[in-house]
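J.: Provide a 3D model corresponding to the input given below.
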Amino acid sequence: MELGEHGSKADDTELINTTTFLSFIGLAAYTFEGIGIIIPVMETTSRPDLYPYIVIFVIVSLTGFYMFFGNFTYFIYGKTALETHPLITDILPNDKIPVNLIGAIWIINLIFTYPLVLHPANMVIESYLYKGWRKSPKRMWMKNLTRTLLVIFTIALATALVDTLDKLESINGAFACIPLAFLLPCLFHYKLIAETRNQKIVDLVIAGISFALQIVCTVVTFLYWND
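T.: This next block holds a predicted model:
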């Protein structure tokens, strides 16, 4: 609709943002936020032998969609509009049915995926806080309390940083998702599976690059928080 009414904003774009392009790496890594539930889901499937093919298909499809959608909206709305509105849904007209439908689908997606994303964090927190506790009503209600507090904390954080949500997601991706998706799997593979010298070298190289990107991207995003 925007393209048909106003044309593209190709003159308001740049090939590479030399100032804050490292923030994009963290934001791209944020797409791996759900990588931790791949193995638990695989263990519940009826055909685990087909699961790797499904995962590859989904990752390739989503990567293609993200690349197309990101570049398409960038050329449609231009650099200036996206700098003031980091969420593309804030730019879309609210009086259009397709736009409202997209927003509704996004909300439904958040409702169903939010518990899945928080589950690993709850498991880690509870393993430290309630280690050695016997199963009892007190333990159950304390676990409910910590889960509630975690939800309140995430809501408060998102509300406070809503205007810089892209920076928050970039830091989250750089600091948490890069190790989760690249660094830790390579270290685990190096320690448990790698047998040949070449396999160990590849693991260490990827782990080293991942660690460097984690630190650099996090620091750069903090330095250019207001840009």
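J.: contact partners for the residue nearest to the spatial centre of the chain?
T.: Nearest to the mean C-alpha position of the chain, counting by C-alpha atoms, centre = their mean, stands residue 30 at 2.4 Å. Residue 30 makes contact with 169, 170, 172, 173, 177, according to C-beta atoms under 8 Å, 6 or more residues apart in numbering. (Glycine included, C-beta is placed from N, CA and C.)
J.: can you list the neighbours in contact with stretch 200-210?
T.: By C-beta under 8 Å, 6+ apart, stretch 200-210 touches 178, 179, 182, 183, 186, 187, 189, 190, 194.
J.: in the protein, what helix or strand scores lowest on average pLDDT?
T.: Least confident helix or strand, the chain: helix 2-6 with a mean of 53, by mean pLDDT, DSSP states H and E.
J.: helices of the protein, residue ranges please.
T.: Along the chain, the segments classed as helices by DSSP state H run 2-6, 21-29, 38-42, 51-84, 88-91, 97-129, 137-160, 165-172, 178, 184-192, 197-223.
J.: most packed of these?
T.: Mean neighbours per residue, mean count of other C-beta atoms under 10 Å, is largest over those for helix 178, with a mean of 26.
J.: packing partners for that one?
T.: Helices and strands touching helix 178, by 3 or more C-beta pairs under 8 Å, 6 or more residues apart in numbering; DSSP states H and E, are helix 21-29, helix 197-223.
J.: mind showing which ranges of the protein have poor pLDDT?
T.: 1-14, 80-83, 85-86, 227 (pLDDT under 70).
J.: what distance do you get for the nearest residue to residue 22 once chain neighbours are set aside to residue 152?
T.: Excluding the flanking residues, the one nearest residue 22 by C-beta to C-beta, 6 or more residues apart in numbering is residue 220, at 4.3 Å. Distance, residue 220 to residue 152, by C-beta to C-beta, to the nearest Å: 30 Å.
J.: same question for residue 54.
T.: Plainly put, residue 54 is 35 Å away from residue 152 if you go by C-beta to C-beta.
J.: thank you, goodbye.
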